[in-house]
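Engineer: prediction below, plus the sequence it came from.
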Amino acid sequence: MSREESYLKMLESTAAIQWNIAIILEAKAVEAEKVKHWAHHHMHPRAFDTHEDQLKESLAMHEAIVELVEGLTKLENGLCSNLKAMLDTGEEDGGDDGLGGLSDGFSLGDSDK
């Protein structure tokens with residue numbers, strides 16, 4: 001298998017992973033909407049004995065959401081590093097602005113007046 005074929009398979013796999021992540025996020029959005037409605041109807045001060053109990057329950061819900069976002073962020077960072085490795089041409093970056101040299105011909109200030 002040639003290098004180009006390997007890269008193409010990696011890109012296809014990455015696209016499939018991104019598609020699956022999109023499906024997961026759609027499902028999580030639906031689930032979050034249901035949790036929001038449940039929380040609005042059940043997490044009011046009268047449902048708890050103390051304010052501390054209410055706070056603990058709210059924090060537990062938020063911690064679960066933060067863990068989900070952290071996990072997805074780690075996954076996306078891993079995919080990003082794979083794509084960067086594939087796109088690496090072996091040249092020195094030398095102050096690349098993240099635009100792949102696209103901004104070389106454009107002035108970003110008023111210095112050319």
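Structural biologist: Perfect, I can see it now. Numbers count the residues shown, from 1 in each chain.
Engineer: next SSE after the helix or strand containing residue 40?
Structural biologist: Assigned by DSSP states H and E, residue 40 belongs to helix 3-42. Per DSSP H and E, helix 3-42 leads on to helix 51-87 as the next helix or strand towards the C-terminus.
Engineer: mean confidence for that next one?
Structural biologist: If you average the pLDDT over helix 51-87, you get 86.
Engineer: can you point out the buried residues in it?
Structural biologist: Neighbour counts over helix 51-87 (16 or more other CB atoms under 10 Å) mark residue 54 as buried. C-beta here means a position set from N, CA and C on the backbone, and glycine is covered the same way.
Engineer: and the gap between the spatially most central residue of the chain and residue 5?
Structural biologist: The centre of the chain sits closest to residue 73, judged by CA atoms, centre = their mean, with a distance of 4.4 Å. Relative to residue 5, residue 73 is positioned 31 Å away (CB to CB, to the nearest Å).
Engineer: coming back round to it: now the residue nearest to the centre of the chain: how far from residue 80?
Structural biologist: Residue 73 is 10 Å from residue 80, by CB to CB.
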